[in-house]
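Below are the sequence and a predicted model; questions follow.
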Amino acid sequence: MSEPSLDSAPGDLTPAEFSVAGHALIDWVARYLADVEQYPVLSRAAPGDVAAALPAAPPALGEPFAAVMADFERVIIPGVTHWNHPGFFAYFAISGSAPGILAELLTAALNVNGMLWRTSPAATELEQRTLDWLRQLLGLQPGWFGMITDTASISTMLALAAAREARPELAIRSRGLAGRPDLPVLRVYTSLESHSSVDRAAVTLGFGQDNVVHVPVDDEWRMRPDLLGELIVHDRARGYLPVAVVATVGTTGSGSIDPVPAIADVCERENVWLHVDGAYGGTAAVVPELRSVLAGVDRADSFVVNPHKWLFTPIDCSALYTRRPDVLRRAFTLVPEYLVTNAPDEVVNYMDYGVQLGHRFRALKLWAVMRVFGALGLADRIRHHCALAHEFAGWVDADPEWHRVAPVHFSLVCFRSVARHANGDPQHEDAITAAILERVNAGGRVYLSHTKLGGRYTLRLAIGNLRTERRHVEEAWRLLREAAAAITDEA
């Protein structure tokens, strides 16, 4: 029996079919962005619902794309938590803007791998120029090398790998860490409020989680530079080797800003690599009057900011900067013969600066967002979000049934219930606060998340969605108070 030809077998869409499906898809996206509030923010799917609605085996025969879209709406959408919803206030609210979405489509169509300059010169050079534009918007000085990764977790891991490589006498790239009695214990320092990605990076790179030193914080949840210096001196006396410090501008729990200038003083004195995590808060520097949040960052060795958090660029897009690209390259470059090109030495091959060989054309969507919004448009929206957060904080401060537990530097407000019927009992207050969150999120209109600050259960309202208006913040406040009143009545 003869094999079917490619002409007769089902396969890719024809250009004409693609055009029809593409127009329908763009129309769907436009309706979604306009009417996303029709959906509950938090998916109501139970574990296994989506999987149960999908066939256990792939189809033998090809299906029209319209059938895919029908199942997308029937099966997938009910299982989606809508991060693009203006009532999404959990974690750090994000949104994919229209220019970013359209540029993502172009990226998929081109389907390039920018691992080498040669494999797509435009991908490399656009990334270099776009990240220099972003550097300028943030008010950083010239001299930073930038590259785009997927998330701040990977950016931080690469930065810590560079910090380790900055001590070539350790020969870790060639000899590794295992079975090395000649190596001292390597230490990384960060605050008690820093992101878990620092610990994950330490685990991945072989530092070990036990060697991540969590520096105590002050009453505004900021790292204490005096204690950082003492801990480093103490570790040196024990024969340990301090390798890196990670400071944070806009911690996940409270939005606190570590005192980077004072931390930089310690790092320079002790010859320790300084990495600054500005994944969320660093973005605020595009607002001229908020540029001081990055004070001292130009003295750091590396810095990360996430355009997919608060610059309306579809996830994933994390910008890693370093003032020492030679060290980052030395940590990772490895060029087998099949990747050797005759390109000039001055070109950038992004494969040399990280673990991954492949390099997505993420710069295209960030470039599109920056061009369509412009510097003034981006600043205006971030300024608006910060104003809404300060207004919400004012409502919390004015209500004796609620207590704000951290300063509001950006667009994040941290607060908890201090209901009178709890009689000041911390455990009872925490239980009430948790119950309020559960009730509010179950309603489907807004979605908040929580953390613990000082061991106390704390609600977080983070404003960052492009389409969030004052009415959405007002609704969140109304729902919180209604939930608190209902729980009081039930008590």
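Happy to help now that I have it. Residues are numbered from 1 along each chain as shown.

Name the helix or strand for the nearest residue to Val408 once chain neighbours are set aside, please.
Nearest residue to Val408 in three dimensions, chain neighbours excluded: Ala393, at 4.7 Å (Cβ to Cβ, 6 or more residues apart in numbering). Every residue, glycine included, has its C-beta placed from N, CA and C. For Ala393, the enclosing helix or strand under DSSP states H and E is helix 363-398.

what about that helix, average pLDDT?
The average pLDDT for helix 363-398 rounds to 98.

Sort out which residues of it are buried, please.
If you call a residue buried by 16 or more other Cβ atoms under 10 Å, then helix 363-398 has these buried ones: 363-370, 372-373, 378-379, 381-386, 388-389, 391-393, 395-396.

just to revisit the earlier point, surely the residue nearest to Val408 is in contact with Val405?
No. Between Ala393 and Val405 there is no contact under Cβ atoms under 8 Å: 10.9 Å.

Which neighbouring elements make contact with the helix or strand hosting Gln427?
Gln427 is part of helix 426-442 when elements are defined by DSSP H and E. Judged by 3 or more Cβ pairs under 8 Å, 6 or more residues apart in numbering; DSSP states H and E, the packing partners of helix 426-442 are strand 412-417, strand 449-453, strand 456-462, helix 470-490.

quick one, the longest one and strand 412-417 angle?
Spelled out, that is helix 470-490. Angle, helix 470-490 to strand 412-417, by axes from the mean of the first three to the mean of the last three Cα atoms, to 10 degrees: 20 degrees.

pLDDT on helix 470-490, on average?
Rounded mean pLDDT across helix 470-490 is 94.

contact partners of that helix?
Contact with helix 470-490 is made by 86-87, 89, 388, 391-392, 395, 399, 401, 417, 419, 421, 432, 435-436, 439-440, 443, 445-446, 448, 459, 461, 463, as judged by Cβ atoms under 8 Å, 6 or more residues apart in numbering.

returning to what we had before: need the residues touching each of Ala393 and Val405.
Common contacts of Ala393 and Val405, defined by Cβ under 8 Å, 6+ apart, comprise Phe415.

just for the stretch 251-400 of the chain, where's the confidence low?
Residue ranges of the stretch 251-400 of the chain with pLDDT under 70: none are present.

Arg456 against Phe415, yeah?
No. At 10.9 Å, Arg456 does not count as touching Phe415 under the criterion of Cβ under 8 Å.

Among those two, which residue is more densely surrounded?
With neighbours defined as other Cβ atoms under 10 Å, Arg456 and Phe415 compare such that Phe415 has more, 23 against 15.

what's near enough to touch the more buried one?
Contacts for Phe415 (Cβ under 8 Å, 6+ apart) come out as 393, 396, 402-405, 458-459, 461.

okay if I get those as JSON lines plus distance to Val246?
Shown next, in JSON lines, are the contacts of Phe415 (distance: Cβ to Cβ, whole Å):
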{"residue": "Ala393", "distance to Val246": "27"}
{"residue": "Val396", "distance to Val246": "30"}
{"residue": "Trp402", "distance to Val246": "32"}
{"residue": "His403", "distance to Val246": "30"}
{"residue": "Arg404", "distance to Val246": "27"}
{"residue": "Val405", "distance to Val246": "23"}
{"residue": "Thr458", "distance to Val246": "22"}
{"residue": "Leu459", "distance to Val246": "26"}
{"residue": "Leu461", "distance to Val246": "26"}
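
if we can go back for a sec, list residues touching both of Arg456 and Phe415?
By Cβ under 8 Å, 6+ apart, Arg456 and Phe415 have these common neighbours: Val405.

Asp218: which of the helices and strands packed on helix 426-442 is closest?
Comparison of the helices and strands packed on helix 426-442 against Asp218 by Cβ to Cβ identifies strand 449-453 as nearest, at 12.7 Å.

so that closest one versus strand 412-417, what angle?
Counting by the same axes, to 10 degrees, strand 449-453 lies at 80 degrees to strand 412-417.

Any chance you could list what contacts strand 449-453?
Under the contact criterion Cβ under 8 Å, 6+ apart, strand 449-453 has outside partners 89-91, 221, 252-254, 405-406, 414, 433-434, 437, 457-460, 462.

of the residues you listed, buried ones?
Buried among these by 16+ other Cβ under 10 Å: 89-91, 221, 252-254, 405-406, 414, 433, 437, 457-460, 462.

Tell me how many other residues surround Ile257.
Using other Cβ under 10 Å, Ile257 has 25 neighbouring residues.

Around Leu241, count how many other residues there are.
By the criterion of other Cβ under 10 Å, Leu241 has 16 neighbours.

cool, Leu448 as well?
Leu448 sits with 24 neighbouring residues when counted by other Cβ under 10 Å.

now the helices for the stretch 201-350 of the chain?
225-237, 260-270, 307-310, 325-332 (DSSP state H, counting those that start in this stretch).

Which one, of these, ends up nearest to Tyr189?
Nearest to Tyr189 among the helices of the stretch 201-350 of the chain is helix 225-237; the distance by Cβ to Cβ comes to 5.9 Å.

name the helices or strands packed onto that closest one?
So helix 225-237, by 3+ Cβ pairs under 8 Å, 6+ apart, packs with strand 186-191, strand 212-215, strand 241-248, helix 260-270.

CSV please, covering the ones you listed and showing distance to Arg135.
Below are those laid out as CSV (distance: least, Cβ to Cβ, whole Å):
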stretch, distance to Arg135
strand 186-191, 24
strand 212-215, 28
strand 241-248, 19
helix 260-270, 17
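
Indicate which one of these is closest to Gly22.
Nearest to Gly22, of these and by Cβ to Cβ, is strand 241-248 at 41.9 Å.

okay, the helices and strands packed on helix 426-442, which one's buried deepest?
Neighbour counts (mean count of other Cβ atoms under 10 Å) averaged over each of the helices and strands packed on helix 426-442 peak at strand 412-417, with a mean of 26.

For that one, which strands pair with it and how are they oriented?
Strand 412-417 pairs in its sheet with strand 402-404 (antiparallel), strand 456-462 (antiparallel), by DSSP bridges.

Report the separation between the nearest residue to Thr119 once chain neighbours are set aside and Ser292.
Nearest residue to Thr119 in three dimensions, chain neighbours excluded: Asn113, at 5.7 Å (Cβ to Cβ, 6+ apart). Using Cβ to Cβ, to the nearest Å, we find Asn113 at a distance of 40 Å from Ser292.
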